[in-house]
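>>> give the three-dimensional model of this entry:
(one chain, ligands or ions: 1)
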Amino acid sequence: VSAPEPRADAGALADRDAVLFIDRKDRTYLRTLKRGGRINVRGMPIACDLLIGRPEGSTVDTPTGERLLVLRPTYAQLIPSLPRQAQPIYPKDVGPILLWTGIRPGDTVVEIGTGPAALTIALLDAVGETGRLVSYELREDFAEMARENVARYHGPAPQWTVRVQDALAGLVERDVDRMIVDLAEPWHLLPQAAAALRPGGSFTGFVPTALQVKSLVDALRADGRFGAVEALETMLRHWHVSGRSLRPEHRMVAHTGFLVFARRLADDANLRSELTPRDPYGTDERDGRTRAAGPARDDEGGDPPEGLEDD
Ligand SMILES: C[S@@+](CC[C@H](N)C(=O)[O-])C[C@H]1O[C@@H](n2cnc3c(N)ncnc32)[C@H](O)[C@@H]1O
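Predicted coordinates for the structure are as follows:
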């Protein structure tokens, strides 16, 4: 058995590495090392050559005596500082996208709406060198920024294709394992998604408002070629841990968006009749309790957690 390859970014800090400077108040500054160059952190100049060749996790002292920690950014540290012209999907939502869809090395993945390529960078890692990622982006200037961000913060990506075109006009790919759509009205893309996805392939929509969730879920259920529809949101709250002060942070990113997941059915399957709700509001008006909408949803709500069962 051959020894595993070390991570490409495990060695000493190098020319053109993206690094994060972290000050004593845990504030972060994303910069790129350049041999012979100088970096400014809050107006304090730091010579890059002081860092190039030193191990990641080193500290550097600024001319005013402030000590800064230097690390290559993790994905979660990178994304908040990623140069952008459009809103990226944040790591708290990217995590569930990767795990709910189960993207693995070797997969063929299509992403609609590349923007600054925040999700793209995670997808490139997930599909690996044996997989394939195709990203559709309407605007050439956004696509250019995506290419720059990938080159600078991910590195070479021979498994990546950017298509600067309107995804609604049609998708080239077929037999796609996973598709992630970050557009305002993803329900318009369902015919193209159904044509591109293989049976069992997954569709994910990221939408910022509840009405968009409703429109997308309704469209997926009405289409007849999708099933196993799920909608969720994630909440992430950081904690302040200092001495005896142990509490949630006062500020949080309380809302980003909702995730809607669905699976492409086989062509001879059709769940349309089972999934059409009898009651469009999904409630029984006599007592206001949620009612199952049909045979496929008879377990609506699932088992309550232990100790919370109804009497
Ligand atoms: C919110 S941004 C995507 C952000 C990205 N998911 C990320 O994590 O960085 C949405 C992008 O979709 C692009 N877009 C909008 N309509 C499109 C279409 N019909 N086809 C392809 N791209 C489209 C926009 O130009 C924009 O860059």
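
>>> contacts for stretch 159-166 next, please.
With Cβ atoms under 8 Å, 6 or more residues apart in numbering as the test, stretch 159-166 has contacts from 114, 120, 124, 127-140, 143, 146-147, 150, 172. C-beta: built from backbone N, CA, C; applies to glycine.

>>> mind listing what the residue lying closest to Val164 once chain neighbours are set aside touches?
In this structure, Val164 finds its nearest non-sequential neighbour in Ala143, 4.8 Å apart by Cβ to Cβ, 6 or more residues apart in numbering. Neighbouring residues of Ala143 by Cβ under 8 Å, 6+ apart: 114, 137, 162, 164.

>>> would you list the residues you listed in TSV and tack on distance to Ser215 and secondary structure?
Putting the contacts of Ala143 into TSV (distance: Cβ to Cβ, whole Å; DSSP: H, G, I helix; E, B strand; the rest coil) gives the following:
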residue	distance to Ser215	secondary structure
Thr114	23	coil
Glu137	23	strand
Val162	28	strand
Val164	27	strand
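
>>> filter those down to the ones near the ligand?
114, 137 (Cβ under 6 Å from any ligand atom).

>>> make TSV from the contacts of Ala143 and add pLDDT and neighbour count to it.
As requested, these are arranged in TSV below (pLDDT from 0 to 100; neighbours: other Cβ atoms under 10 Å):
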residue	pLDDT	neighbour count
Thr114	98	27
Glu137	98	26
Val162	98	22
Val164	98	16
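
>>> tell me the one among the contacts of Ala143 nearest to the ligand.
Taking Cβ to the nearest ligand atom as the measure, the ligand lies nearest Glu137 of those, at 5.0 Å.

>>> how much space between that closest one and Thr120?
Glu137 sits 10 Å away from Thr120 when distances are taken as Cβ to Cβ, to the nearest Å.

>>> residues that sit against both of these two, list them.
With Cβ under 8 Å, 6+ apart as the test, Glu137 and Thr120 both reach 114, 146.

>>> which of the contacts of stretch 159-166 are buried?
Burial by neighbour count, 16 or more other Cβ atoms under 10 Å: within these this picks out 114, 120, 124, 127, 131-138, 143, 146-147, 150.

>>> so who does the residue positioned nearest the centre of the chain touch?
By Cα atoms, centre = their mean, the chain has its centre lying nearest to Val94, at 2.5 Å. Counting by Cβ under 8 Å, 6+ apart, Val94 makes contact with 75, 79, 118-119, 122.

>>> restrict those to contacts with the ligand.
Counting by Cβ under 6 Å from any ligand atom, 118-119 from those sit close to the ligand.

>>> which two of the contacts of Val94 have the greatest separation?
Greatest spatial distance among the contacts of Val94 (Cβ to Cβ): Tyr75 and Leu119, at 10.6 Å.

>>> nearest residue to Leu236 other than its sequence neighbours?
Using Cβ to Cβ, 6+ apart and skipping residues adjacent in sequence, the residue nearest Leu236 is Lys92, 4.3 Å away.
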